[in-house]
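> Structure, please.
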Amino acid sequence: MKQSLTYYITLLVIKLKGVKKSFSKVPIDFKKIRKEDVHYPKGKFFKQNQLRSFKVSDSLITEIGVNKKFDNLLIFIHGGAFISGPAQHHWDTLKEIAKQTNYKIWMCNYPKAPKNKITKISENIDLIYKTALESYPSNKISFIGDSAGGTLVTSLIQRLIKRNIELPNKIILVSPVMDASMSNIEIEKVDHIDPMLSKNGVLSAKKMCAENNDLKNAMISPLYGSFKNFPQTILFLAENDITYPDQKLAIKKFTEAKVNLEIIEGKNMPHIWPFLPVMKEAKKALRKIIKVLNN
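Sure thing, here's the model as predicted:
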């Protein structure tokens, strides 16, 4: 499949920004990576459509909606290797979803590692969903999470099922990190073609977040948990992404559990490709996300 010109421009920008270099350092320089964080979005759209901002435990929730009467809620759990975020591409994605769907959206700026470990972060995600259930029926709530955000969404669903708590309507996972241990030998084959991530840096970030260095706890590595009884799941994965081999293992578990699963695979795509601005392939993928939400 031939890639667009904007694909190659995007890869060039990623290279010039030194993203892979940043994710190759051990220990990972989380302070440098956080310089890309955007906690308060700017621009006319957000000024006009931010409905409120509030705290749930240690998480800052920014609610965006083009119509305050919308009765659907999308909970956006951003990625950033547990050490950073949200970034501008998260807000850009949220903006397009808000403009083209009938959802209110909660951008969830949860506590980060290394100051906070996975237990504390997961407790925040649990409380965010509990808060949502106070105002919305579960069938009106959906989740979207990319990278580490996809980890958090997946592990949340596993906990909800264990606790017999009503589940959201659907979840959208974009390049979710399914195994923080990075122990899959297939990762080595992908590392040299991944334009964004490197195993060494990602593993360093996960170790900063893991409780007692337990990288195979299902809270941080949902691959080791159960996928039985999951709600409708839409999974975006990318071939040129070190998280891809573990997503393939997760697909096997989803399939064995007979989950209503839709897979969108990005040939030659990098990590979190549907969220990358400019790229033609990303815009097509984002239209798919919007279509899924509108259905």
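> the helices in the chain, which residues?
All helices of the chain, identified by DSSP state H, fall at 5-16, 19-22, 30-33, 44-49, 88-100, 118-133, 148-162, 187-191, 199-209, 244-256, 280-294.
> Relative to S57, which of those helices is closest?
Comparing the helices of the chain by their distance to S57 (Cβ to Cβ), the top pick is helix 118-133, with 4.9 Å. For glycine as for every other residue, the C-beta is placed from the backbone atoms N, C-alpha and C.
> between the closest one and helix 148-162, how big is the angle?
Calculated by axes from the mean of the first three to the mean of the last three Cα atoms, to 10 degrees, helix 118-133 forms an angle of 70 degrees with helix 148-162.
> quick one on the thing from earlier: most packed of the helices of the chain?
Per residue and on average, the most neighbours among the helices of the chain fall to helix 148-162, with a mean of 24 (mean count of other Cβ atoms under 10 Å).
> who does that one touch, helix- and strand-wise?
Other helices and strands packing on helix 148-162, by 3 or more Cβ pairs under 8 Å, 6 or more residues apart in numbering; DSSP states H and E, are strand 72-77, helix 118-133, strand 141-146, strand 170-174.
> would you list the ones you listed in CSV and tack on distance to A250 and mean pLDDT?
Supplementary listing: these in CSV, determined by distance: least, Cβ to Cβ, whole Å; pLDDT from 0 to 100:
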stretch, distance to A250, mean pLDDT
strand 72-77, 17, 98
helix 118-133, 18, 98
strand 141-146, 13, 98
strand 170-174, 9, 98
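> so can I have TSV of these showing distance to F275?
Conversion of the helices and strands packed on helix 148-162 to TSV gives the following (distance: least, Cβ to Cβ, whole Å):
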stretch	distance to F275
strand 72-77	11
helix 118-133	19
strand 141-146	6
strand 170-174	7
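> end-to-end on stretch 273-280?
10 Å (Cα to Cα, to the nearest Å).
> Now do that stretch: everything it contacts.
Taking contacts as Cβ atoms under 8 Å, 6 or more residues apart in numbering, the residues outside stretch 273-280 that touch it are 4-7, 9-10, 13, 89-90, 92-93, 146, 174-175, 236, 238, 266, 270, 281-282, 285-286, 288-289.
> closest one to K170 among the helices of the chain?
Closest to K170 of these is helix 280-294 (Cβ to Cβ; 7.3 Å).
> Give me the angle between the closest one and helix 5-16.
Here the directions of helix 280-294 and helix 5-16 differ by 100 degrees (the same axes, to 10 degrees).
> what's the distance between helix 280-294 and the middle of its chain?
Its chain's C-alpha centre and that of helix 280-294 lie 15 Å apart, by Cα atoms, centre = their mean, to the nearest Å.
> go on, stretch 244-257?
Chain-centre distance of stretch 244-257: 17 Å, with Cα atoms, centre = their mean.
> Same check on stretch 251-267?
With Cα atoms, centre = their mean as the basis, the mean position of stretch 251-267 lies at 17 Å from the chain mean.
> go on, stretch 162-182?
The offset between the C-alpha centroid of stretch 162-182 and the centroid of the whole chain comes to 10 Å, using Cα atoms, centre = their mean.
> what's the first-to-last distance across that stretch?
26 Å.
> which stretches of the stretch 1-150 of the chain aren't confidently modelled?
For the stretch 1-150 of the chain, residues meeting the criterion pLDDT under 70 lie at 1.
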